[in-house]
Every structure is written in C-alpha cells, then in structure tokens.
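In: Quick check, what structure comes out for this input:
(one chain, ligands or ions: 2)
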Amino acid sequence: MNTMVTTPTYGLFINGEWRQKTNTFDVLNKYTQEVIAKASYAEEQDVHDAVKAAKEALKISLSPYERYTILKKSAEALIERLEEVAQVLAEEVGKPISESRGEVERAAQTLEISAEEAKRIHGEGIPVEAAPGSENRQAFTKRVPVGVVAAITPFNVPLNLVCHKVGPALAAGNSVVLKPAEVTSVSALILTEIFEKAGLPAGKLNLITGKGSQTGTWLLENQDVNMYTFTGSPGVGKLIREKAGLRKVALELGNNSATIVHKDANIEQAATLTAQKSFNNAGQVCISVQRVYVHEDIYETFIEKMKTATNALVVGDPKDPATNVGPMIAEKEAMRVEEWVNEAVFQGAKVETGGKRDGVFYAPTILSNVNDDMKVCREEVFGPVVAVDTYRDEDEVISRVNDSDYGLQAGLFTNNLAFAMKAANLIEVGGLIINDTSGYRVDQMPYGGVKQSGTGKEGPKYAIEEMTEERIIVFNL
Ligand SMILES: NC(=O)c1ccc[n+]([C@@H]2O[C@H](COP(=O)([O-])OP(=O)(O)OC[C@H]3O[C@@H](n4cnc5c(N)ncnc54)[C@H](O)[C@@H]3O)[C@@H](O)[C@H]2O)c1
Ligand SMILES: O=C[C@H](O)CS(=O)(=O)O
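Out: Ligands and ions are numbered 1, 2, ... in the order given. Presented below is the predicted three-dimensional model:
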C-alpha cells in the first residue's frame, strides 16, 4: 500500500482557469507547524489579468434567478464538504474543530441568505410628479451592480468572511477579485472550486493569492476596480481608503469590545457567556470580549464565576473535539500578547487566571485591577485576554465604553429596561447586544462599526446596498 501523502498545491483562479505558478508559499498547520498546502504567489501581471477578466465578465448578464441558483448550489456543496472544510479550518487557523464546523455552517448560511437576497434587489417609485412643472413625469429607481469588486480578507474567519463579500457581490451582479489572507488561503481556494463546479461563469470570481504588501498593493493600484471591500486591521484599512480615492470602499476593522454587567443581571449567564466569548478562536475575533465593566455590587460573585468558567476551558489540539481554545495564528502574536499582559502587570494589573505563554499558545487570561489606559484595554489585543473592572453608575460606564477609538459592537447584561434603552441611545457602536456579549453575531443582521472600526455594513442585504449604485429613471410622458 502506498502511504505517501502529497501536499496539495494550488494555483490562482483567473478567468475560469487555474494558473499554477512556480513561486509558491507554504500554508502551515498552526498547531503542528507542518505544511498542509502550497499556494501560488500572484505576480503583478496575474493581478491585472484577474481584474481584466472580472471586468470582461460584467458583460455576462445573469438573471437574479440564475444568481440565486448558483449561490444556493454553492451553499449546498459547502455543506456536503462540511467535514473536509472544517478540518482545513482547524489546521490553517488553529481553530477548535467544533468552532470550525460552526464556521462552515455559518458560511453556507451566508451564501444561502445571499442567494435569497439576489431575488429581492429592488428600487422604488419616486413622486417626481409632485414637483411644480413635473406633473407629466414619472420616475423609479433601480439598483445596478457597482462593477468589479476587490475583496481582501483576514485570517481569523477565513471562510465565512470571504462568503460575506463574495456572496453579496455575486448576488448583486458584480464580478469579484478575491485576495484572501496568505496564512489561511486554503479554505478560500476550496470555496472557489465550489463556485466553479456550481456553474459560475468564467471571470465572475477570480482568486489571487500572495502577500498583502505585494498582491494587495497591485490590486489597490488597478484603476479598473470599482469597489474595495476589506476586513482586517485598521492600518491596512486606512491605506485602502487612501488608495481607493473616489472609488467605493467598505471597511470592517478592529475593536476593543466592551461588555457591561449591571447589578440586576443574571450573573451566572453573564459570566458563562463572557468566558466563552472572550476566548473563542483564542480571542482572535473582532467582537471578542476584551473589556468587561461589572457593577461593583456584584463584582466578587461575577469574577469568581467567570474564573470558574474560564478554568474549565480545555486548551490544546484544535482537532480534539474536547478543545475549547487552540493556538494563536503565530508565535510572534502570542509573544506580543505576552508582552502586553506583562506591561499591564507592571502597571498594577492582577492576573486572576492564565497569564502564561507556551510557544504559540497563550492561556485564557483574566486581568483585574486594570485601568482604561493600559494597552490591554485601549488597543485591540486580538488574543485570549480579557480585562475586568468595576463601575458605580450608569453614566460613568457608558462614558468609559465610549472612551475608545473603536465602535464595532458592545454587550450589556441587564434586566433594567430604562438602562438598556439609555445604552442603546448613547453607546457609540454599530451594534449593542442586550443580555449577551459584544461577541454575538448572526449572518443576516447588519454588521459594521463606527469610528476606527470601519465604515459600511455587512450582512448580505446590507452589503448588497453597498455593492450596488442607485440609479433613477425619469419618464417625460
Ligand atoms: N470588523 C470585522 O468584521 C472584522 C472581522 C475580522 C477581523 N477583523 C480585524 O482584522 C484584523 C486581523 O486580521 P489580519 O491580521 O488578517 O489583518 P491584516 O490587515 O493584516 O490583513 C487583512 C488582509 O489584508 C491584506 N493586506 C495586508 N497588507 C496589505 C496591503 N498593504 N495592501 C492590501 N492588502 C493588504 C492581507 O494580506 C490580508 O488579506 C484585526 O484587526 C481584526 O479586528 C475585523
Ligand atoms: O472577527 C470578526 C467576525 O466578524 C466575527 S464573526 O465570526 O463573524 O462572528
């Protein structure tokens, strides 16, 4: 029996054809550090070819029902390959297998919702006849595709966040050039195969892999791209906005998410959910709970319960079904988190649990006795660290949540309707989640931040609005 296992090698996907390059890079299993696949470095000409193919493919007009069919088929095919793709996510991200399966299920839902939305894109009648002198005119609007959409995506949710861009873009009748994060390219490559098999015409989806600083830069320079949709770090987001000039951009960026636990909350529920949502995907989630503000009357009970829930988390091999917390994406990121925690401790923070690094793993860590100016509070940790502090009154805590450069989502545990409504009016975020943490998201909801957390909304219905232009048609009858 031949037991030799060959490493899969992927090319680029341009104009419906796979283009193998000699210059490749390794995608690693983040737990074992073994090579799981090789992907191709796109050269400058490949990037421009991909955009050209996308532009040409705009001439292929698919009806809304045809777009629905292709997206629906792709969602079904993804579910058929669920276990295979989940194993890839567990390897290339280091995400625990239960969470990886959850990501594949959500990605399929994102495609299915996009399919449904393809049939619902509509304009409206505009009463131009109400203007003096326009009595014999009638008008309506329609939404038209923006054109070539360049999608640039991050490593942490590499399948579902790709689906949040490709699904709505195709549903709206656009063509796409996709550039996934290099360290987690494999799930995007498999998704591209799925679209190809589902009958998507050549050029409608093109995939180029490689480094952000090269492939990404060439993509930003190409003036035939009509819109950039980006999820990733604020620094790269700002660069994209600068390079895009007058072209459209949608930016989903970072956060230092806060969750408030008020004195009347269900403490057990709050502590359990907060422990879960602080350490999912080793804290590498943009809405991961990072700052917890607990009312001083319930602080002692809360912190004990949260410590118990955190200490029960199993850290280890992402492929082990018992694992709750896997490795970080790279050892240098775990070292950065270690440095930030050490700095906080030097400044007076107390480690309630965790606070240790073992190679690429950083232990789920709760810090208390923190202040809002420590790096672990003010900046985005993007690791398994949560800072817990007390507050006394409602206005104080709202102002501390708002004292942030970011504003993606926040959570509030309370049974006090008046406080919940006050927070809904005053907390500066794209989404406030009552009786759950900042980390709640389902894929049909509008999702996106304010301040440095970005601009524009995702969720297929809302992303389609971003990825289409409103055109008015006026009849002089
Ligand atoms: N708001 C959201 O919905 C959301 C979701 C997930 C992640 N994020 C954020 O993403 C960040 C972590 O992800 P990351 O480390 O992959 O982000 P990153 O910004 O380093 O990379 C994201 C993508 O941008 C590309 N890129 C890098 N430099 C580029 C350049 N000069 N030009 C063009 N493209 C370039 C990368 O190759 C990658 O594909 C965190 O800040 C996190 O909060 C936000
Ligand atoms: O990392 C941020 C993601 O958008 C959160 S989720 O995986 O979509 O819930």
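In: Quick one: the helices in the stretch 1-150 of the chain, in order.
Out: Shown for the stretch 1-150 of the chain, the helices assigned by DSSP state H, counting those that start in this stretch span residues 44-57, 64-80, 82-92, 97-118.
In: now for those helices, which one comes closest to ligand 2?
Out: Closest approach to ligand 2 among those is made by helix 97-118 (7.0 Å; C-beta to the nearest ligand atom). C-beta coordinates here come from the backbone N, C-alpha and C atoms, glycine included.
In: For that closest one, what does the pLDDT average out to?
Out: Averaged across helix 97-118, pLDDT comes to 98.
In: can you state the direction angle for it and helix 64-80?
Out: Per axes from the mean of the first three to the mean of the last three C-alpha atoms, to 10 degrees, the angle that helix 97-118 makes with helix 64-80 is 170 degrees.
In: which other helices and strands contact helix 97-118?
Out: Counting contacts by 3 or more C-beta pairs under 8 Å, 6 or more residues apart in numbering; DSSP states H and E, helix 97-118 packs against helix 64-80, helix 82-92, helix 160-171, helix 460-466.
In: helices or strands next to the third one in the packing?
Out: Using 3+ C-beta pairs under 8 Å, 6+ apart as the contact criterion, the elements in contact with helix 160-171 are helix 64-80, helix 97-118, strand 148-152, strand 175-179, helix 186-197, strand 227-231, helix 460-466.
In: Could you rerun that using 6 Å?
Out: Helix 160-171 sits against helix 97-118, helix 460-466, with contacts defined as 3 or more C-beta pairs under 6 Å, 6 or more residues apart in numbering; DSSP states H and E.
In: Kindly export it (C-alpha atoms) in PDB.
Out: What follows is helix 160-171, C-alpha atoms only, in PDB (Å, rounded to 0.1, in the frame of the first residue of the first chain):
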ATOM      1  CA  ASN A 160     -17.300  33.000   6.400                       C
ATOM      2  CA  LEU A 161     -15.800  36.400   6.000                       C
ATOM      3  CA  VAL A 162     -15.000  35.600   2.300                       C
ATOM      4  CA  CYS A 163     -18.600  34.400   1.900                       C
ATOM      5  CA  HIS A 164     -19.800  37.800   3.400                       C
ATOM      6  CA  LYS A 165     -18.000  39.500   0.500                       C
ATOM      7  CA  VAL A 166     -18.300  37.100  -2.500                       C
ATOM      8  CA  GLY A 167     -22.000  36.100  -1.700                       C
ATOM      9  CA  PRO A 168     -23.500  39.600  -1.800                       C
ATOM     10  CA  ALA A 169     -21.200  40.800  -4.600                       C
ATOM     11  CA  LEU A 170     -22.300  38.000  -6.900                       C
ATOM     12  CA  ALA A 171     -25.900  38.300  -5.700                       C
END
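In: Identify all contacting residues around that helix.
Out: By C-beta atoms under 6 Å, 6 or more residues apart in numbering, the surrounding residues in contact with helix 160-171 are 67, 103, 106-107, 110-111, 114, 117-118, 149, 151, 153, 176, 188, 229, 231, 458, 460, 463-464, 467.
In: Enumerate the residues of the stretch 251-400 of the chain near ligand 1.
Out: 252-255, 286, 380, 382 (C-beta under 6 Å from any ligand atom).
In: In strands, which of the residues you listed appear?
Out: residue 252 (DSSP state E).
In: Name the nearest residue to residue 388, ignoring sequence neighbours.
Out: residue 292 (4.4 Å; C-beta to C-beta, 6 or more residues apart in numbering).
In: Using the three-state scheme, assign that neighbour.
Out: strand (DSSP: H, G, I helix; E, B strand; the rest coil).
In: do residue 249 as well
Out: Reduced to three states by three-state DSSP, residue 249 is strand.
In: Number of residues surrounding the closest residue to it other than its chain neighbours?
Out: With C-beta to C-beta, 6+ apart as the criterion, residue 249 has its nearest non-adjacent residue at 4.9 Å, and that residue is residue 228. When neighbours are counted by other C-beta atoms under 10 Å, residue 228 registers 23.
In: which residues touch residue 228?
Out: 150, 240, 244, 249.
In: ok, those residues vs ligand 1, which is closest?
Out: Closest to ligand 1, out of all of those and judged by C-beta to the nearest ligand atom, is residue 240, at 6.4 Å.
In: Quick check: which ranges of this structure have low pLDDT?
Out: 1-5 (pLDDT under 70).
In: so residue 474 sits in a strand?
Out: Yes: the assignment for residue 474 (three-state DSSP) places it in a strand.
In: Could you give the bridge partners of it?
Out: residue 139 (DSSP bridges).
In: That one reaches residue 141, doesn't it?
Out: No: when contacts are counted by C-beta atoms under 6 Å, residue 474 is not listed as touching residue 141 (10.1 Å).
In: So between the two, which is more surrounded?
Out: residue 141 (15 against 11).
In: what's near enough to touch the closest residue to the more buried one other than its chain neighbours?
Out: Closest residue to residue 141 apart from its sequence neighbours, by C-beta to C-beta, 6+ apart: residue 123 at 3.6 Å. Applying C-beta under 6 Å, 6+ apart to residue 123 gives the contacts 140-142.
In: again, but for residue 139
Out: 126, 128, 472, 474.
In: any idea how far residue 123 is from it?
Out: 10 Å (C-beta to C-beta, to the nearest Å).
In: Up against ligand 2, what does the chain have?
Out: So far as C-beta under 6 Å from any ligand atom goes, the chain lies against ligand 2 at 156-157, 160, 285-287, 441.
In: Assess the claim that residue 192 and residue 11 are in contact.
Out: No: Residue 192 lies out of contact with residue 11 (C-beta under 6 Å); the separation is 10.4 Å.
In: Surely residue 334 touches residue 357?
Out: Yes: the criterion here is C-beta under 6 Å, and residue 334 meets it with residue 357 at 5.2 Å.
In: looking at this protein, which residue lies furthest from center?
Out: Within the chain, the residue lying farthest from the chain centre (C-alpha atoms, centre = their mean) is residue 133, at 49.3 Å.
In: can you list the helices of the stretch 1-150 of the chain in a markdown table and add mean neighbour count?
Out: As requested, these are exported to a markdown table (neighbours: other C-beta atoms under 10 Å):
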| stretch | mean neighbour count |
| --- | --- |
| helix 44-57 | 20 |
| helix 64-80 | 19 |
| helix 82-92 | 21 |
| helix 97-118 | 23 |
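In: Could you point out which of those helices sits nearest ligand 1?
Out: Closest among these, once you apply C-beta to the nearest ligand atom, is helix 44-57, at 10.8 Å.
In: does that closest one come close to ligand 1?
Out: No: judged by C-beta under 6 Å from any ligand atom, helix 44-57 stays clear of ligand 1, getting no closer than 10.8 Å.
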